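J.: Generate a structure from the sequence data that follows.
(chains A and B)
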Protein chains: 2
Amino acid sequence: MNVFLGIDWGGTYIKAGLVDSCGKIIKKKVYSSSQLREKQGFINNLKLLLNDFSSFTPLEISGSKKKRTKLLTGFNIKGIGIGVPGIVDVEKGFIYYLPNIPGWEKYPLQSVLKKKLSLPVFINNDANAFALAESRLGAGKGKKRAIFLTLGTGLGGAIISDGKLLEGNTSANELGHVPINLAGRLCGCGGRGCIETYVGNRYLLSHYKRLKKNKTKVKDVKELFQRGLDGEGEALVVWKEFSHNLGKFLAGMINVFNPQVIIFGGGVSGAFKLFKPLVSKEIEKQVMWPQNLGLKLVRAKLKNAGIIGAALLAKDKLAHSS
Amino acid sequence: MNVFLGIDWGGTYIKAGLVDSCGKIIKKKVYSSSQLREKQGFINNLKLLLNDFSSFTPLEISGSKKKRTKLLTGFNIKGIGIGVPGIVDVEKGFIYYLPNIPGWEKYPLQSVLKKKLSLPVFINNDANAFALAESRLGAGKGKKRAIFLTLGTGLGGAIISDGKLLEGNTSANELGHVPINLAGRLCGCGGRGCIETYVGNRYLLSHYKRLKKNKTKVKDVKELFQRGLDGEGEALVVWKEFSHNLGKFLAGMINVFNPQVIIFGGGVSGAFKLFKPLVSKEIEKQVMWPQNLGLKLVRAKLKNAGIIGAALLAKDKLAHSS
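T.: Numbers count the residues shown, from 1 in each chain, chains lettered A, B, ... in the order given. Down below sits the predicted model:
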């Protein structure tokens, strides 16, 4: 049976899984990513991991025999997909840079791993991998066109068009860096007025504290969500502005893509119940009819979208090249 | 030889042409569109046109024999593509509405014509047809990813991704209606702050007149361009703001699409020489590196992009369905 190794490379962990061609996870492992920040560690660990996972595959890796399990009998790892937390060149397979992990600039991850692991390797951005999995097997299943958003510290996201991830030479799909305001504040990317600076969780919390004149503490967005649900005035103001900004941005994207579904993932999507009606209303006000006809706003569904999506990226690429 | 009939339905004219499968126009006709505003007139004229064009094709249309020409011997019209000046449903082939031509709301143009003309008919938005032709045979030739803009009264445009037009159930691709400002002015689409309201020629001219305190007359954008070239202060202010707004918008689109080329068409693109360096500079300031790596800004090239693109739409659809 053909399977794919999907790797979800996050800021605090690296999740890896063997995924079958239907997107089902067969075996999973989670590592702390702090020990893997340095390149050699990353590569060696991937080697060990593959070792562990590839028993009974045609691969010859020393030590693999000890770890053979019944479960894996007959599994044949066809390729590896990696969702990288940064901007990559998807064609040549190198990392441009990782905003939160220094030292990986212009690193040819794909070719290095291909040599070390003797398997086809494909890399893409982590949000792109998430989007692919959610659109194909999760909340966007059966839809040809989807917009996927990860609402967290920043705004990640990706576009699914004609059932496929929108693709560039780069990982593209940087939805968080679409400007929505001419005189906007400075964004981490160097631009001004990016949507990310209006909906990221840091902004939400600092905006709330400002409204409260620094007299109340708020732990996290979850608490801010609860205060909104409880009807607290300042919390509601924050969520209303968040929804206004997000809805405005989404209306523009809807006018361009005519998506069937918008999928909300990431920590801030915990407040979906609160912001969904507000965002819908703002979209309705701003959008050009009938680009939003039949559009649904939904929450992400999958538990291991990062792993599954990375595996699907490899599967798609291999199908395309064969 | 297989050919396709491409129809470019403009506000003041309808251009039609027989186009071969390489995108070359074999025969062309231009009509005033005022006489075709009403549905029956449009359909009857299309029948006459086809009659005229389809001599020596397998079609049996009375009167066609008189107009046989040597040129058309052996041409076989495989299908018709129409670039419609409004929003259409590309799947079901009906018109949602034409912003400047009343009376066509929810009209099933595709099925009506298919019946009357006994040929496969495909419709899409006119800017989409332009974009397809320019990207495939004009200024974007050989590029897989392009953004096409028609700068005129409004801002039309379309996205080419993986060599194909970005497609929705609707004609999608409404680039002019991406908002770039939270507190923007009201747009014709009902939204606020759409990029169209910052770069359309009406805005440019009225902005200039305001700067001149209504003391100078300016005929059109061409004159405004000349005054900018001559170094007139107020004209330069207008073109600088235009470029700032357009560059900001484009940077967002570049971050999402990682295009290889941006193609500028339409009347306002006459001032390309003047605004290109300013727009480039603004993109540079706003964009997230390396999404703009290798990007070129160029002017549209083709003379009959509307006809050719409409024919290519039909050709693509027929290839896809066979």
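J.: longest helix of chain A?
T.: The longest helix of chain A (DSSP state H) is helix A:233-257.
J.: in that helix, what counts as buried?
T.: Using 16 or more other CB atoms under 10 Å in any protein chain shown as the test for burial, helix A:233-257 gives A:234-236, A:238-257. The way it works is simple: take the backbone N, C-alpha and C, and place the C-beta from them, glycine included.
J.: the inter-axis angle of it versus helix B:233-257?
T.: 90 degrees (axes from the mean of the first three to the mean of the last three CA atoms, to 10 degrees).
J.: what packs against helix A:233-257?
T.: strand A:146-151, strand A:155-161, helix A:196-199, helix A:201-211, helix A:221-229, helix A:272-286 (3 or more CB pairs under 8 Å, 6 or more residues apart in numbering or on different chains; DSSP states H and E).
J.: Mind telling me what element residue A:83 is part of?
T.: In this assignment (DSSP states H and E), residue A:83 forms part of strand A:76-84.
J.: list the helices and strands that strand packs on?
T.: strand A:2-9, helix A:39-53, helix A:109-117, strand A:121-125, helix A:126-137, helix A:305-321.
J.: how does it look with 10 Å?
T.: Applying 3 or more CB pairs under 10 Å, 6 or more residues apart in numbering or on different chains; DSSP states H and E, one finds that strand A:76-84 contacts strand A:2-9, strand A:13-20, helix A:39-53, strand A:94-97, helix A:109-117, strand A:121-125, helix A:126-137, helix A:305-321.
J.: Could you report the neighbour count for residue A:269?
T.: Neighbours of residue A:269 under the rule other CB atoms under 10 Å in any protein chain shown: 19.
J.: give the contact list for the residue lying closest to it once chain neighbours are set aside.
T.: Distance criterion CB to CB, 6 or more residues apart in numbering or on different chains; nearest residue to residue A:269, sequence neighbours excluded, is residue A:151 at 5.1 Å. Counting by CB atoms under 10 Å, 6 or more residues apart in numbering or on different chains, residue A:151 makes contact with A:157, A:176, A:196, A:199-201, A:204, A:221, A:242, A:246, A:264-272, A:275, A:300.
J.: beta partners for residue A:151?
T.: residue A:155 (DSSP bridges).
J.: Residue A:4 and residue A:319, how far apart?
T.: Taking CB to CB, to the nearest Å as the measure, residue A:4 falls 11 Å from residue A:319.
J.: quick one, which of the two is more surrounded?
T.: residue A:4 (29 against 10).
J.: The more buried one contacts residue A:82, correct?
T.: No - between residue A:4 and residue A:82 there is no contact under CB atoms under 10 Å: 11.1 Å.
J.: Quick check: neighbours shared by these two?
T.: What both residue A:4 and residue A:82 touch, as defined by CB under 10 Å, 6+ apart, is the set A:122, A:310-311, A:313-314.
J.: What is the most widely separated pair among those residues?
T.: A:122 and A:311 (10.0 Å; CB to CB).
J.: Tell me which of those two has more neighbours.
T.: Neighbours were counted for residue A:122 and for residue A:311 using other CB under 10 Å; residue A:311 has more, 36 against 24.
J.: which regions of the stretch 201-322 of chain A lie under the pLDDT threshold?
T.: Along the stretch 201-322 of chain A, no part satisfies pLDDT under 70.
J.: Sorry, wrong one. I was asking about the stretch 51-200 of chain A.
T.: In the stretch 51-200 of chain A, residues with pLDDT under 70: A:54-73.
J.: Any idea which residue of it lies closest to chain B?
T.: The minimum distance from the stretch 51-200 of chain A to chain B, using CB to the nearest CB, falls at residue A:168 (2.8 Å).
J.: check contacts around that residue.
T.: Contacts of residue A:168 by CB under 10 Å, 6+ apart are A:89-91, A:174, B:144-145, B:161-162, B:254, B:256-260, B:291, B:293.
J.: Mark which of those residues are buried, thanks.
T.: Using 16+ other CB under 10 Å, the buried members of those are A:89-90, A:174, B:144-145, B:161, B:254, B:256-260, B:291.
J.: out of the shared contacts of residue A:4 and residue A:82, who's nearest chain B?
T.: Proximity of the shared contacts of residue A:4 and residue A:82 to chain B (CB to the nearest CB) peaks at residue A:313, which lies at 15.3 Å.
J.: which residue packs closest to the closest one, ignoring adjacent ones?
T.: Nearest one to residue A:313, counting by CB to CB, 6+ apart, is residue A:81 at 4.1 Å.
J.: Pick out the residue nearest the middle of chain A.
T.: Residue closest to the average C-alpha location in chain A (CA atoms, centre = their mean): residue A:127, at 2.1 Å.
J.: What parts of the stretch 1-150 of chain A come near chain B?
T.: Contacts of the stretch 1-150 of chain A with chain B, taken as CB under 10 Å from any CB of the partner chain, map to A:87, A:89-90, A:96-97, A:144-145.
J.: now with 6 Å?
T.: residue A:96 (CB under 6 Å from any CB of the partner chain).
J.: for the stretch 151-300 of chain A, same thing?
T.: With CB under 6 Å from any CB as the criterion, the stretch 151-300 of chain A comes near chain B at residues A:161, A:166, A:168, A:170, A:172, A:174, A:177-179, A:181-182, A:189, A:191, A:248, A:252, A:255, A:258, A:286, A:288, A:290-291.
J.: Now intersect the residues you listed with the helices, please.
T.: Filtering those for helices - DSSP H - leaves A:248, A:252, A:255, A:286.
J.: Would you enumerate the residues in contact with the first one?
T.: By that I understand residue A:248. Residues in contact with residue A:248 (CB atoms under 6 Å, 6 or more residues apart in numbering or on different chains) are A:180, A:286, B:179.
J.: can you tell me the residue of the stretch 201-322 of chain A closest to chain B?
T.: residue A:258 (2.8 Å).
J.: That residue reaches residue A:291, doesn't it?
T.: Yes - counting by CB atoms under 6 Å, residue A:258 touches residue A:291, with 5.0 Å between them.
J.: For those two, list the residues in contact with both.
T.: Shared contacts of residue A:258 and residue A:291, counting by CB under 6 Å, 6+ apart, come down to residue B:170.
J.: can you list the helices and strands packed on strand A:76-84 in JSON lines and add distance to residue B:112?
T.: Putting the helices and strands packed on strand A:76-84 into JSON lines (distance: least, CB to CB, whole Å) gives the following:
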{"stretch": "strand A:2-9", "distance to residue B:112": "48"}
{"stretch": "strand A:13-20", "distance to residue B:112": "48"}
{"stretch": "helix A:39-53", "distance to residue B:112": "59"}
{"stretch": "strand A:94-97", "distance to residue B:112": "51"}
{"stretch": "helix A:109-117", "distance to residue B:112": "52"}
{"stretch": "strand A:121-125", "distance to residue B:112": "45"}
{"stretch": "helix A:126-137", "distance to residue B:112": "35"}
{"stretch": "helix A:305-321", "distance to residue B:112": "39"}
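J.: ranking these by burial, who's on top?
T.: helix A:126-137 (a mean of 29; mean count of other CB atoms under 10 Å in any protein chain shown).
J.: In CSV, could you pull the C-alpha coordinates for it?
T.: Extracted C-alpha coordinates of helix A:126-137, given in CSV (Å, rounded to 0.1, in the frame of the first residue of the first chain):
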residue,chain,number,x,y,z
ASP,A,126,2.4,25.3,6.5
ALA,A,127,-0.8,27.3,6.0
ASN,A,128,-1.0,26.0,2.4
ALA,A,129,-0.8,22.4,3.7
PHE,A,130,-3.5,23.1,6.3
ALA,A,131,-5.7,24.6,3.6
LEU,A,132,-5.3,21.7,1.2
ALA,A,133,-6.3,19.2,3.9
GLU,A,134,-9.2,21.2,5.2
SER,A,135,-10.5,21.9,1.7
ARG,A,136,-10.2,18.4,0.5
LEU,A,137,-11.1,16.3,3.5
